[in-house]
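In: Coordinates only, no sequence provided:
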Ligand code: PFF
């Protein structure tokens, strides 16, 4: 039997898939979000929970998501239609595809605004505006910038157009080309930044903050955020990786590629943390500065190092590219669905999704000025209104629930034979590890974190602590 292929095209090689999936995974989540939520949640303990979630929950979910995508070969909604019919399961499962499409648009709506900040900072660093400024000066420039909705809107618009164009061009000429050169370059520049941080007197303090767990510092909300971030950073739970899996030719090892993607993603996040926290401490800044953290710390380093404006602008250019290769994967599922179901051309579908997402993004544009409001998320004050709401709703709830559903669907609803066939690693120990993890560990782990969120686990922990 000849292999089924996607109507949207296929990756040209295994490397193309790995690069595209890594391009989706590595983005603002690693360099902008990971440091700031680590800072807000007290450091080491948060990092440890996040790493555990990546290894124990993220990896098996990623394998499930890719295998579902490759078996269905269509957008997440239609893929679920197929697989539900194949496995004769309730149609309710198709909701999983829908929730992914909605989550993708919601995430992209704010992701694009933050990517816009990075674009603005390409010019701010290149022009020397930030050179020679004190830490307070740099913080106040950032504050002034985000309080200006017109500027944010302009950059948000540019980023949305960039993404719409790439997605319009389709799998090979659009998505593949975008990722080839940028990822390695970003890695090199991050290493340069860590090298700079290494030479500050606070390097050790930065590492200690990142890697010494102090469980008294992590709140209930922090545990939920750490798990949510494991999904967010690996692009799991909404169908982006499912979509990319649907373009993957047979014969590529899903396990090996998933491990490679997760390792690269984690490396980039940890390097970003190692570059940023020493600077935070060296300049007497607070780690809990929130979403502005990297925009208020890295420019200090660029302002003092030789060729700082050059390195600074290069760094933000690469960050924009990293965001770009993630952004396209956020809207790809919606676009593919429109092409499949409404017989639209790719260009029309991408434009429609782009415009819708742009509109939703206006709420985030205003979140740092006119529409800013504060609220308490499990004891943690959030002050960026709709942006925080969208971020918490998608990353902390929709993605973990979506990922959990995918793991359960792959391991409990699809036939064992079709799963063994897709994973293509035999029926041995590796397969069994995946099977146990997705059938039992993922549901329990996600369940515990949610119960923890509801305040049920904390008393048990206190009780166990009391015993020792
Ligand atoms: N993983 C991306 C990042 O870390 O920036 C964000 C993301 C992309 C999340 C695609 C979810 C997704 F489906």
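Out: Looks like it came in fine. All figures in this text were calculated on a predicted structure; none of them were measured in a lab.
In: what about stretch 407-416, start to end distance?
Out: End-to-end distance of stretch 407-416 (CA to CA, to the nearest Å): 13 Å.
In: Please read the previous query as pertaining to stretch 359-378.
Out: For stretch 359-378, the end-to-end distance is 30 Å (CA to CA).
In: Quick one: mean pLDDT for that stretch?
Out: Average pLDDT, stretch 359-378: 92.
In: buried set for stretch 233-251?
Out: Across stretch 233-251, burial judged by 16 or more other CB atoms under 10 Å covers 233-249. To be clear about C-beta, it is placed using only N, CA and C from the backbone, and glycine gets the same treatment.
In: Go back to those and keep what's next to the ligand.
Out: Checking the buried residues of stretch 233-251 against the ligand by CB under 6 Å from any ligand atom, the ones in range are 233, 235, 238, 240.
In: ok now do the residue of the stretch 101-250 of the chain found nearest the ligand, which residues does it touch?
Out: Of all residues in the stretch 101-250 of the chain, residue 240 sits closest to the ligand, at 3.1 Å by CB to the nearest ligand atom. Going by CB atoms under 8 Å, 6 or more residues apart in numbering, residue 240 touches 24, 100, 104, 329, 330, 332, 333.
In: what residues are up against the residue lying closest to residue 225 once chain neighbours are set aside?
Out: The shortest distance from residue 225 to any non-neighbouring residue, by CB to CB, 6 or more residues apart in numbering, is to residue 37 (5.6 Å). For residue 37, the contacting residues are 46, 225, 226, 229, by CB under 8 Å, 6+ apart.
In: How is residue 7 assigned, secondary-structure-wise?
Out: On the three-state scheme (DSSP: H, G, I helix; E, B strand; the rest coil), residue 7 is labelled coil.
In: residue boundaries of the helices in the stretch 151-300 of the chain?
Out: Per DSSP state H, counting those that start in this stretch, the stretch 151-300 of the chain carries helices over the ranges 177-179, 182-198, 203-211, 220-233, 240-246, 254-282, 293-304.
In: tell me the most buried of these?
Out: Among these, helix 240-246 has the highest mean neighbour count (mean count of other CB atoms under 10 Å), at a mean of 29.
In: is it true that residue 357 touches residue 331?
Out: Yes. Using CB atoms under 8 Å, residue 357 is in contact with residue 331, at 6.4 Å.
In: Which residues are in contact with each of the two?
Out: 105, 108.
In: name the element the residue nearest to residue 225 belongs to?
Out: Using DSSP states H and E, the element containing residue 37 is helix 34-40.
In: That helix vs the ligand: in contact?
Out: No. Using CB under 6 Å from any ligand atom, we find that helix 34-40 stays clear of the ligand, coming within 8.0 Å at best.
In: Check the offset of the helix or strand just after that helix from the chain's centre.
Out: Per DSSP H and E, the first helix or strand lying C-terminal to helix 34-40 is helix 44-53. The chain centroid and the centroid of helix 44-53 are separated by 16 Å under CA atoms, centre = their mean, to the nearest Å.
In: Excluding its own residues, what touches helix 44-53? List them.
Out: Applying CB under 8 Å, 6+ apart, the contact partners of helix 44-53 are 34, 37-38, 208-215, 217-218, 222-223, 225-227, 229-230, 266, 273, 445, 449.
In: Quick one: residues contacting residue 211.
Out: So residue 211 contacts 44, 47 (CB under 8 Å, 6+ apart).
In: er, residue 31 I mean
Out: 190, 268, 269, 272, 294, 319, 322.
In: Closest to residue 395 out of those?
Out: Of all these, residue 395 sits closest to residue 269, with 14.3 Å by CB to CB.
In: Okay, now stretch 209-216: how far is its last residue from its first?
Out: 13 Å.
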